[in-house]
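Engineer: model the structure of this input:
(one chain, ligands or ions: 2)
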Amino acid sequence: MRTIQSLFHGGIYLPSEKALTLDAPVQAIADPQFIFIPMRQHKGAPAVPCVQPGELVLQGQPIGRADGEESVAAHSPVSGKVCAIDDIRLPDGTHSLAAVIESDRRNEAVEHINVPHDPAEVSEANFAERFAGWGLVQMSCRGMPLHRRLQIARDNQVHTIVVNAMESEPYLTADHRLTVEQTLLVALGLAHLCRLIGADRGIVAVDHRRREEAELLDRLLVEHGEALGLTLGAECLDHLYPQGHELMLLKTLFDEEVPVRLDDGAGGLASDRAGVCVLGVGTVAAAADAMLFNRPLTHRVVTVSGEAVRKPGNFLAPVGTRVFDLLALCDVESEYDRLVVGGPMTGVAQPDDQSVLTKQTSGLVLFGTALVHQPGPCIRCGWCVEDCPVGINPALLADLAESGQWRRGSRFHAETCIECNICSYVCPSRLPVMERICKLKRALEREEDDGASGRVGEGATRRT
Ligand code: SF4
Ligand code: SF4
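Structural biologist: Ligands and ions are numbered 1, 2, ... in the order given. Predicted structure coming up:
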């Protein structure tokens, strides 16, 4: 199987740091005593709690109902008693209502789940309702309800689904282990999702350093694809970061360039313009699990790794597990310096270990050494410009952000930044370049929202 070289501008080769957990099989963790299931784990409307404190619940029972079309149900991953409906902090720093459940450690499940289920019962006509009922969402940072993502793809007559199994971030191996251990599930999931949206082609993109994984996957995909009249297969891609980003996958696989703005205002997504729908490998496996075993999305694979973790690993954990409950299983050094939810490039540094795992939590990375760098002045070395994968000028945009010149940021395409963090990573002056660009982007978005609601001119921005 050949390696497809990356075609996008810029990019960097990151140290892998994956050896710590690459060969660590996924271990299911024992249920923690308390689980905090957020009602908001996706874009759109949060679920609405449908249980009361004191109520007994079974594993897989809905505890939050979907609130409209842009929403999905939330389920209990354990059997036990609802203790409270409370406000909690999510890893991204926002807040959500959550059902707090005390596990009885019996894991009694509701009837008819975790049993073989005919995936053919899920059809074009009913997949939206079924997927929302199973609580399926995109299990990456964007987290759109899966049925909405698929509906948009159908409406745009998408012909290909690309499954992203690149896992470009250092340390993380959850997707790799899932693909190795659940290869058939991924292949079947892709085949059925293609069927549901009317796509006739499916490709799983795998890091070329995992060639064996890609070859096994390719064999299964070809076999199951042929049976359904679909062209399915795996491709090995160069690991130039951020090759795993949706737009970089489009460029490398199809030599297609689409506008970076993901929402085009007409209900479509950028990748749909190229006839492609990109989904994460975890999302595809969760959809297959639901269609083949009537299993709602209640658990996910999470990597715990980093220099401050003495027993790193990959864990199948209930969604809603507190971070410190998972860290307690990994013999973490008490004096670690930094805890990041997600990967070190795009993850979110946490103020403490009190947050919970959501459907989008791919990993916890702990760094042992204090990395205190005082930012210096920009020395105009141009490294950030050279390596930026979308070809914008990060140094200039960071300057505009610092001087409050938001509107000029738009002229220099700030909104096309995909927040890969390469500019901060390569900067020899240790400037928080991406952080500054994000500040500028949020200011532009606020201005756009104010404009749309007729509140332009309330003094949120400076005239430049
Ligand atoms: S974070 Fe944005 S500006 Fe910085 S390198 Fe990535 S895409 Fe370019
Ligand atoms: S990498 Fe840092 S120092 Fe170099 S041009 Fe960019 S912001 Fe300036």
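Engineer: hmm, residue 304 and residue 20 touching each other?
Structural biologist: No: counting by C-beta atoms under 8 Å, residue 20 stays clear of residue 304, with 9.6 Å between them. In this view, the C-beta of every residue, glycine as well, is placed from N, C-alpha and C.
Engineer: which neighbours do these two share?
Structural biologist: Taking C-beta atoms under 8 Å, 6 or more residues apart in numbering as the criterion, residue 20 and residue 304 both touch residue 312.
Engineer: stretch 4-19 close to ligand 1?
Structural biologist: No: on the criterion C-beta under 6 Å from any ligand atom, stretch 4-19 is out of touch with ligand 1, staying 7.1 Å away.
Engineer: do the same with stretch 130-142
Structural biologist: No: residues of stretch 130-142 contacting ligand 1 under C-beta under 6 Å from any ligand atom: none, with a closest distance of 13.7 Å.
Engineer: ok, back up a step: neighbour count for residue 20 and residue 304, which is higher?
Structural biologist: residue 304 (26 against 18; other C-beta atoms under 10 Å).
Engineer: residues from this protein in reach of ligand 1?
Structural biologist: 388-390, 392, 394, 417-423, 433-434, 437.
Engineer: show the buried residues in those.
Structural biologist: Listed as buried from the residues of the chain next to ligand 1 are 388-390, 392, 394, 417-418, 420-423, 433-434, 437; burial here means 16 or more other C-beta atoms under 10 Å.
Engineer: closest to residue 336 among those?
Structural biologist: Nearest to residue 336 among those, counting by C-beta to C-beta, is residue 421 at 20.7 Å.
Engineer: list the contacts for the closest one?
Structural biologist: Residues near residue 421 by C-beta under 8 Å, 6+ apart: 345-346, 434.
Engineer: which positions in the stretch 301-450 of the chain make contact with ligand 2?
Structural biologist: Residues of the stretch 301-450 of the chain lying near ligand 2 (C-beta under 6 Å from any ligand atom): 378-384, 394-395, 426-429, 431, 433.
Engineer: take those residues and keep only those in helices.
Structural biologist: Among those, DSSP state H puts 383-384, 394-395, 426, 433 in helices.
Engineer: which of these sit farthest apart?
Structural biologist: The largest distance within these, taken as C-beta to C-beta, falls between 395 and 426 and amounts to 11.0 Å.
Engineer: intersection of neighbour lists for these two?
Structural biologist: Counting by C-beta under 8 Å, 6+ apart, the residues touching both residue 395 and residue 426 are residue 384.
Engineer: quick one: the strands in the stretch 301-450 of the chain?
Structural biologist: 313-318, 338-341, 348-349, 363-367 (DSSP state E, counting those that start in this stretch).
Engineer: most packed of the ones you listed?
Structural biologist: For the strands of the stretch 301-450 of the chain, average neighbour numbers computed from mean count of other C-beta atoms under 10 Å are highest in strand 363-367, which has a mean of 25.
Engineer: in a strand, residue 88, correct?
Structural biologist: Yes: residue state for residue 88 (DSSP: H, G, I helix; E, B strand; the rest coil) corresponds to a strand.
Engineer: the residue of the stretch 101-250 of the chain found nearest ligand 1: how many residues sit nearby?
Structural biologist: The stretch 101-250 of the chain approaches ligand 1 most closely through residue 242 (7.5 Å), counting by C-beta to the nearest ligand atom. By the criterion of other C-beta under 10 Å, residue 242 has 27 neighbours.
Engineer: which residue packs closest to it, ignoring adjacent ones?
Structural biologist: Distance criterion C-beta to C-beta, 6 or more residues apart in numbering; nearest residue to residue 242, sequence neighbours excluded, is residue 420 at 4.4 Å.
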